[in-house]
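Asks: One predicted model, sequence on top.
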Amino acid sequence: MAVCACAQTGVLAPLPSPQRIPAAGPATEAPYAPQAIVPGGVVVPLYPAGSPLLKADRVREAEKYTMSQTVPGRINNIVNVHNPSIEFHPVDRGINTGAAIILAAGGGHRTLVVGSESADFVPYFYNHGINTVILRYRLRADGYVAETDAVNDALQAVRMVRAYAKEWNLDPNKIGIMGFSAGAELAAPVAVLFEEFDRKNSAAGDPLAGVTSRPDFVGIIYPGPSPFARGRTAPAIPRNAPPAWITCGGAGDRIHALWAVEYYMAMLTVGVPNVEMMLYGNGRHPGDPLPDGSRMSGGLTDRGGIPFGGWPLRFLEWFRDLGFLGKPGVETKAAKDLARYMAEPLPRPFGERGQGAPGPAGGARPVGAVKP
């Protein structure tokens with residue numbers, strides 16, 4: 001029988017190095033080729049090489065990763081995104097619902113927190129038959145305008161995932177986006193600006209022309225300001241605005257909770273069906289300092305066992321109730337409810353006959369109107 005050297009000498013053998021550590025690709029003379037951050041990912045740039053939407057002087061720059069100091073191979077953050085992309089992760093055919101969730105990580109538009117707010121959700125949603133897509137969008141810290149460049153990246157992502165629905169075994173009517181914090185600042189406008197985006201991107205030479213960027217659902221998780229935030233000019237709400245699931249901590253994350261309420265109130269005011277919100281009495285924003293000197297975690301973490309840590313289960317209950325976890329090709333309850341809503345008369349204008357939310361002076365404050 002063979003005996004290991006450590007047993008003979010009484011000294012443990014040196015540990016081997018971690019294997020297959022992901023790394024950013026190199027900068028070359030061609031546009032940067034984004035690398036999969038989760039094994040098996042299919043990475044597709046959002047725009048073709050030479051697109052006027054890309055900065056020609058920066059598109060060749062490599063992304064920069066911040067790796068975990070304690071978990072080998074874990075990418076915590078990504079910056080320097082100049083060739084935005086999607087990274088697709090499928091589920092096995094036997095459990096495939098056909099649903100796909102585009103994950104837009106937060107990071108204050110300074111970085112993409114892809115570890116806790118994207119990569120961790122790939123295996124989690126896999127177990128429920130949900131395909132996932134990691135979105136790498138452009139950042140304000142890298143010289144882009146979040147309200148246009150990053151939002152356009154998210155809208156383009158929805159179009160692209162739907163365009164590849166057949167190749168990826170997706171149901172084209174079960175494609176949506178979930179945004180976290182700054183990523184929710186993309187998910188919210190995607191839910192109301194898709195018609196304008198589709199009109200502007202309908203040229204005959206566009207391979208995605210005719211493919212709608214309308215999401216079938218949106219997840220708005222501890223959000224930054226939406227188009228309905230106080231002080232902004234609220235856009236008209238499309239008649240076919242998608243259902244939304246919204247969550248945030250309460251008093252412990254007051255500003256984000258207020259932004260969540262503003263989006264919810266805009267949708268509730270015009271009667272958009274299946275918009276659900278859960279605000280928790282105990283919960284703080286990811287990255288906030290804690291009394292022990294650590295930082296509040298986000299994403300899937302249980303947050304010390306408080307109810308807010310169970311929000312992913314509450315989201316799945318909503319998702320299942322609306323039919324998104326059913327078999328591919330079967331009309332969802334969400335689609336049926338929306339069809340009934342669109343067949344009804346337009347809702348009365350906000351504030352009419354005593355309707356409305358009190359503003360600072362107690363009067364009705366418009367927060368959006370439905371499109372005819």
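Replies: Looks like it arrived, so ask away.

Asks: Can you give the contact residues for the helix or strand harbouring A339?
Replies: Here A339, judged by DSSP states H and E, is contained in helix 333-343. By CB atoms under 8 Å, 6 or more residues apart in numbering, the list of residues contacting helix 333-343 from outside reads 173, 216-217, 239-240, 242-243, 271-274, 321-324. Every residue, glycine included, has its C-beta placed from N, CA and C.

Asks: got the buried residues for it?
Replies: Residues of helix 333-343 classed as buried by neighbour count (16 or more other CB atoms under 10 Å): K333, A334, A335, D337, L338, Y341.

Asks: Looking at the contacts of helix 333-343, which is nearest G298?
Replies: F217 (20.8 Å; CB to CB).

Asks: The closest one and F324 touch, don't they?
Replies: Yes: with contacts counted by CB atoms under 8 Å, F217 reaches F324, the gap being 6.7 Å.

Asks: So which of those two has more stuff around it?
Replies: For F217 and F324, the more surrounded residue by other CB atoms under 10 Å is F324, and the numbers stand at 29 against 24.

Asks: what's the closest residue in space to the more buried one that isn't next to it in sequence sitting at in phi/psi?
Replies: Once flanking residues are discounted, F324 sits nearest to A99: 4.8 Å by CB to CB, 6 or more residues apart in numbering. Here is the backbone geometry of A99 (degrees, to the nearest 10): phi -80, psi 150.

Asks: ok, R295 - how many residues close by?
Replies: R295 has 12 nearby residues by other CB under 10 Å.

Asks: what sits against it?
Replies: By CB under 8 Å, 6+ apart, the contact list for R295 reads P286, G287, D288, P289.

Asks: re earlier: run through the residues that contact the residue nearest to F324.
Replies: Contacts of A99 by CB under 8 Å, 6+ apart are G129, I130, N131, L170, D171, K174, I175, G176, F319, F324, L325.

Asks: change it to 6 Å
Replies: I130, K174, F324 (CB atoms under 6 Å, 6 or more residues apart in numbering).

Asks: from those residues, which single one is nearest H82?
Replies: I130 (29.6 Å).

Asks: Would you mind measuring from that closest one to A27?
Replies: Going from I130 to A27 by CB to CB, to the nearest Å gives 34 Å.

Asks: Tell me which of these two has more neighbours.
Replies: Using other CB under 10 Å, the more surrounded residue of I130 and A27 is I130, with 24 against 11.

Asks: My guess is K371 contacts P238. True?
Replies: Yes: counting by CB atoms under 6 Å, K371 does reach P238; the two are 5.3 Å apart.

Asks: Between these two, which has more neighbouring residues?
Replies: Between K371 and P238, P238 has the larger neighbour count (other CB under 10 Å), namely 18 against 15.

Asks: Could you check how many residues crowd around A165?
Replies: 18.

Asks: and it, that's in a helix?
Replies: No: per DSSP: H, G, I helix; E, B strand; the rest coil, A165 lies outside any helix segment and is coil.

Asks: right, and it touches P172 too?
Replies: Yes: checked against CB under 6 Å, the pair A165 and P172 is within contact range at 4.2 Å.

Asks: quick one: least confident helix or strand in this protein?
Replies: Every helix and strand in the chain was compared by mean pLDDT, DSSP states H and E; the lowest is helix 5-9, with a mean of 59.

Asks: what lines up beside the very next helix or strand once past it in the sheet?
Replies: Using DSSP H and E, the next helix or strand after helix 5-9 towards the C-terminus is strand 42-45. Looking at strand 42-45 with DSSP bridges, its partner strands are strand 85-89 (antiparallel).

Asks: hey, C-alpha coordinates of the partner strand in CSV?
Replies: Presented in CSV, the C-alpha positions along strand 85-89 are these (Å, rounded to 0.1, in the frame of the first residue of the first chain):
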residue,chain,number,x,y,z
SER,A,85,-22.2,42.5,-23.3
ILE,A,86,-24.6,39.8,-22.2
GLU,A,87,-23.5,36.5,-20.8
PHE,A,88,-26.1,33.7,-21.2
HIS,A,89,-26.4,30.7,-18.8
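
Asks: Spit out the contact partners of N201.
Replies: Per CB under 6 Å, 6+ apart, neighbours of N201: none.

Asks: Local confidence estimate at it?
Replies: pLDDT for N201: 92.

Asks: same thing with A204?
Replies: pLDDT, A204: 85.

Asks: ok, now P18?
Replies: Looking at P18, the pLDDT reads 92.

Asks: Can you show me the strands along this protein?
Replies: 42-45, 64-67, 75-79, 85-89, 100-104, 131-136, 175-180, 218-221, 244-249, 275-280 (DSSP state E).

Asks: Next, format the ones you listed as CSV and append distance to L258, mean pLDDT and mean neighbour count.
Replies: Output for the strands of the chain, formatted as CSV (distance: least, CB to CB, whole Å; pLDDT from 0 to 100; neighbours: other CB atoms under 10 Å):
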stretch, distance to L258, mean pLDDT, mean neighbour count
strand 42-45, 36, 98, 16
strand 64-67, 30, 97, 15
strand 75-79, 27, 97, 20
strand 85-89, 31, 98, 24
strand 100-104, 21, 98, 29
strand 131-136, 26, 98, 27
strand 175-180, 17, 98, 28
strand 218-221, 13, 98, 28
strand 244-249, 9, 97, 25
strand 275-280, 10, 97, 18
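
Asks: closest to P16 out of the ones you listed?
Replies: strand 64-67 (18.3 Å).

Asks: contacting residues around K174?
Replies: Contact analysis of K174 by CB under 6 Å, 6+ apart lists G98, A99, D216, F324.

Asks: wait, doesn't the third one sit right on G176?
Replies: Yes: in this structure, D216 is within contact of G176 by CB under 6 Å, at 5.1 Å.
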